[in-house]
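Asks: please work out how this folds:
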Amino acid sequence: MKKEKKLDYLLELINDLNEVKDIDLLLEKILFKARLFFNADAGSIYLKDRDRLVFKCAQNDTLQKRLKKGEKLIYKRFSIPIDSNSIAGYVAEKSIKDKSEWVLNIKDVYKLKDTPYCFNPEFDKKAGYKTRSMLVVPMINKKNEVVGILQLINAKDERGNTISFSRSDEVYILHFAKAAALALERAQMTRNLVLRMISMAAMRDPEETAEHVNRVGAYSVEIFERWAKKKGMDEEEIDKKKDVLKIAAMVHDIGKVGISDTILKKPGKLTKQEFETIKTHTFLGARLFYNGDSEFDKAAIDVTLNHHERWDGNGYPGHVDPLTGKPLPGFELPDGRARPKKGEEIPIFGRIVAVADVYDALSSARSYKEPWPEEKILQEIERCSGKQFDPEVVEAFFSCHSVIRAIKKNYS
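Replies: Numbering: from 1, shown residues only. You can find the predicted model right below:
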């Protein structure tokens with residue numbers, strides 16, 4: 001590819017990054033786009049957390065091809081010190097000390113000589129993989145601070161053979177890494193804003209923790225992706241919807257900020273009237289996003305208002321006006337309540353978060369219960385298919401259960 005075309009293509013990739021709002025999905029996209037541009041078989045991203053690098057994201061085409069269709073590679077979260085013992089740690093340390101970008105372009109990690117850093121072959125041994133070439137670059141923000149490390153592994157030629165990264169790749173990856181750092185900062189601001197909203201809810205409801213909402217958001221994205229692919233939705237549309245769903249799912253119970261502490265923190269069983277008050281958190285939450293016109297606002301309304309509706313029509317709050325909490329015209333029952341939504345009347349985001357929320361609630365310890373065994377949880381979700389839950393959403397949940405369990409461990 002000619003230099004001019006490469007630059008144009010790089011700008012297109014950078015613009016794509018600016019469209020993503022959720023930080024976890026952005027990390028996946030940064031790594032995918034970088035591997036695509038530099039034709040790398042694999043790669044990983046670390047984010048800086050004080051004096052350590054936290055492993056956040058990894059992709060590997062060779063290992064992915066060994067899996068069955070629809071399965072995903074699962075990686076454990078870990079962290080490493082920022083020092084010269086590791087390749088990523090060395091690049092971070094040098095970039096921080098010198099306040100400049102240190103790029104490492106290694107031809108073969110197994111032939112390192114007289115370097116302060118070394119390559120750890122443990123992953124290769126366990127996975128049956130062979131790392132050779134690496135291109136490692138810091139992601140540095142406008143304040144000249146290192147926010148993370150981007151590693152690309154095993155450049156490929158047109159025939160699929162492993163080759164070294166070129167000298168020109170070093171120049172291009174610096175531009176890409178700077179843009180990635182800016183996109184990460186914007187996404188982190190969005191995440192922090194959402195978590196502040198969650199912390200307000202946590203002051204009222206001790207069960208509404210950052211870990212809980214992160215898990216529900218991550219579960220929802222995985223379930224939606226499986227459901228959407230089964231429906232034939234194209235990848236671009238899936239990516240857009242995943243982005244808004246992730247953040248919307250995190251605020252599913254934000255309406256609890258409007259519920260009295262005497263009810264939310266009551267140690268005993270709620271009275272019938274108290275439970276009716278709890279139900280109002282659905283439209284109270286939706287009300288917070290009612291005047292917005294972004295895709296996120298629409299998704300947040302779908303989730304907050306509908307995640308307690310049931311597939312069989314026995315949920316709540318039903319067909320209500322979020323601004324008043326009263327039944328919409330034509331949907332009032334004889335007792336004055338709104339008719340509950342049923343089946344596909346419930347927006348798909350609400351149907352998905354319903355499963356994700358219940359799974360996390362059952363698998364988590366609460367002040368009033370111990371976590372359920374995994375087998376019992378799965379039996380319960382299967383039992384509720386066609387009753388509480390959309391059967392197709394339940395099917396999608398089971399198809400990505402191994403990924404969901406990995407997410408649960410990462411956000412424990």
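
Asks: hey, which helix or strand in this protein has the poorest pLDDT?
Replies: Lowest by mean pLDDT, DSSP states H and E among the helices and strands of the chain is helix 3-17, with a mean of 75.

Asks: after that one, next one along is what?
Replies: The element immediately downstream of helix 3-17 (helix or strand, assigned by DSSP states H and E) is helix 23-38.

Asks: following the chain onward from that following helix, which element is next?
Replies: Past helix 23-38, the next helix or strand by DSSP H and E is strand 40-49.

Asks: starting from that next one, tell me which strands it pairs with and how they run.
Replies: If you go by DSSP bridges, strand 40-49 pairs up with strand 52-60 (antiparallel), strand 146-156 (antiparallel).

Asks: run through the neighbouring helices and strands of the least confident helix or strand of the chain.
Replies: Secondary-structure packing of helix 3-17 (3 or more C-beta pairs under 8 Å, 6 or more residues apart in numbering; DSSP states H and E): helix 23-38, helix 167-204. For the C-beta atoms, the positions are set from N, CA and C on the backbone; glycine is no exception.

Asks: just name the most buried of those.
Replies: helix 23-38 (a mean of 20; mean count of other C-beta atoms under 10 Å).

Asks: flag every buried residue along the least confident helix or strand of the chain.
Replies: Residues of helix 3-17 classed as buried: 10, 13-14, 17 (neighbour count, 16 or more other C-beta atoms under 10 Å).

Asks: of all the helices and strands packed on helix 3-17, which lies closest to residue 6?
Replies: Across these, residue 6 has its closest neighbour in helix 167-204 (6.8 Å, C-beta to C-beta).

Asks: so that closest one versus strand 40-49, what angle?
Replies: 50 degrees (axes from the mean of the first three to the mean of the last three C-alpha atoms, to 10 degrees).

Asks: pLDDT score assigned to the nearest residue to residue 58 once chain neighbours are set aside?
Replies: Spatially, and ignoring its direct neighbours in sequence, residue 58 is nearest to residue 44 (4.2 Å; C-beta to C-beta, 6 or more residues apart in numbering). The score at residue 44 is 98. That number is its pLDDT.

Asks: quick check: bridge partners of residue 44?
Replies: With DSSP bridges as the rule, residue 44 is bridged to residue 58, residue 151.

Asks: against residue 222, how distant is it?
Replies: Here the distance between residue 44 and residue 222 works out to 20 Å (C-beta to C-beta, to the nearest Å).

Asks: ok, now residue 38?
Replies: 28 Å.

Asks: and residue 187, by the same measure?
Replies: 19 Å.

Asks: about what we covered before: the residue nearest to residue 58 contacts residue 57, doesn't it?
Replies: Yes - Residue 44 sits in contact with residue 57 when judged by C-beta atoms under 8 Å, with a separation of 6.5 Å.

Asks: which neighbours do those two have in common?
Replies: residue 31 (C-beta atoms under 8 Å, 6 or more residues apart in numbering).

Asks: centre of the chain to the least confident helix or strand of the chain, how far?
Replies: 25 Å (C-alpha atoms, centre = their mean, to the nearest Å).
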